[in-house]
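[1] this one's sequence-less:
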């Protein structure tokens with residue numbers, strides 16, 4: 001059967017790219033080598049797709065933002081090398097706020113996920129089915145987001161977190177933790193995930209002690225951070241977690257323990 005798809009003559013398509021039937025690829029699109037684009041995919045202007053990306057049927061990349069402030073400015077949606085977008089995933093391009101939406105390398109974005117304008121998704125992130133990310137959400141490397149989760153705009157999810165399915169997230173989630181319950185809360189370290197990602201027992205013990213003070217000392221956040229800085233040894237994990245907390249725009253989740 002003859003291939004039946006549309007590729008605009010100004011689109012830049014790499015080598016060994018497979019394109020399925022009824023897919024539409026518009027102008028100002030760049031697709032790297034060795035990608036697999038299934039049928040019924042739509043890739044709009046502003047898409048920048050890396051090497052070895054797999055996009056499944058029904059996905060839409062670089063559609064204009066669902067934001068009334070958008071005035072047609074030239075913006076982009078980046079998909080990193082080796083990332084998979086499963087069925088009916090939507091990744092909107094950016095607005096004038098940041099100019100681009102970014103999905104990192106090695107990510108698995110499962111079916112029916114929506115990644116809104118100006119989101120920044122790190123590398124090796126896993127988003128289970130039907131998660132919805134509002135505008136300008138940041139998800140750091142190796143985070144795992146449970147299916148059906150709803151993430152409020154401007155939230156920041158730290159690296160190596162594990163978020164339960166069906167979560168309603170309206171606060172920032174610091175790195176390395178498990179977050180669950182309603183309202184969404186700290187319920188411990190993501191110990192299994194940390195081991196899987198090569199963290200040593202010593203690393204995990206350092207992180208655990210930081211969160212023991214932050215969440216289990218009966219201090220408010222400000223005083224807990226002061227105690228962490230004054231009593232715990234300097235380490236990259238201490239500096240990272242303290243920096244995350246101090247720079248949190250929406251405030252961090254509370255403890256359920």
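    Right, received. Where do you want to start? Small disclaimer: the values here were computed from a predicted structure and weren't measured.

[2] any idea how far residue 31 is from residue 192?
    Applying Cβ to Cβ, to the nearest Å, the value for residue 192 to residue 31 is 36 Å. Yep, even glycine has a C-beta here, placed from its N, CA and C like the rest.

[3] who has more neighbours out of those two?
    residue 31 (25 against 10; other Cβ atoms under 10 Å).

[4] the more buried one against residue 18, yeah?
    No - contact criterion Cβ atoms under 8 Å: residue 31 and residue 18 do not qualify, at 10.7 Å.

[5] any residues in contact with both of the two?
    Jointly contacting residue 31 and residue 18 under the rule Cβ atoms under 8 Å, 6 or more residues apart in numbering are residue 37.

[6] for stretch 164-179, measure first residue to last.
    6 Å (Cα to Cα, to the nearest Å).

[7] nope, stretch 228-236 is what I meant
    End-to-end for stretch 228-236, by Cα to Cα: 13 Å.

[8] and the average pLDDT for that stretch is what?
    Stretch 228-236 shows a mean pLDDT of 97.

[9] again with stretch 108-121
    98.

[10] in it, what's buried?
    108-121 (16 or more other Cβ atoms under 10 Å).

[11] relative to residue 150, which of those is nearest.
    residue 114 (10.0 Å; Cβ to Cβ).

[12] any idea how far residue 151 is from the closest one?
    Applying Cβ to Cβ to residue 114 and residue 151 gives a distance of 10 Å.

[13] residues shared between the contacts of the two?
    131, 132, 133.

[14] which of those residues count as buried?
    Looking at the shared contacts of residue 114 and residue 151 with 16+ other Cβ under 10 Å, the buried ones turn out to be 131, 132, 133.

[15] sitting in strands, which of those do you find?
    Under the assignment DSSP state E, those contribute 132, 133 to strands.

[16] and the most centrally placed residue in the chain, what are its bridge partners?
    The residue lying closest to the centre of the chain (Cα atoms, centre = their mean) is residue 121, at 3.1 Å. Beta-bridge partners for residue 121, by DSSP bridges, are residue 103, residue 139.

[17] spit out the contact partners of it.
    102, 103, 104, 107, 115, 127, 139.

[18] so which pair among those is furthest apart in space?
    It's 102 and 127 that sit farthest apart of these, by Cβ to Cβ, at 14.0 Å.

[19] of the two, who's got more company?
    Using other Cβ under 10 Å as the criterion, residue 102 and residue 127 rank with residue 127 on top: 29 against 20.

[20] how about the contacts made by the more buried one?
    107, 108, 109, 110, 113, 121, 145.

[21] same question for residue 27.
    8, 9, 10, 11, 45.

[22] just residue 86 next, same as before
    Neighbours of residue 86 in contact, by Cβ under 8 Å, 6+ apart: 56, 59, 108, 109, 110, 111, 113, 129.

[23] my guess is residue 229 meets residue 239, correct?
    No - contact between residue 229 and residue 239 fails when scored by Cβ under 8 Å: they sit 9.3 Å apart.

[24] tell me the helices in the stretch 51-200 of the chain, going along the chain?
    191-196 (DSSP state H, counting those that start in this stretch).

[25] circling back to that earlier point, could you measure from the residue nearest to the centre of the chain over to residue 140?
    In terms of Cβ to Cβ, residue 121 sits 9 Å off from residue 140.

[26] what's the single longest helix in this protein?
    helix 201-216 (DSSP state H).

[27] contacts for that one?
    174, 176-177, 186, 189, 191, 194-195, 199, 219, 221, 224-225, 227-228, 231-233, 235, 237-238, 241, 245, 255, 257.

[28] which residue comes closest to residue 192 once chain neighbours are left out?
    residue 162 (8.0 Å; Cβ to Cβ, 6 or more residues apart in numbering).

[29] now do the contacts for the one you found.
    144, 146, 177, 178, 179, 190, 192, 193.

[30] measure it to residue 175 for me?
    11 Å.
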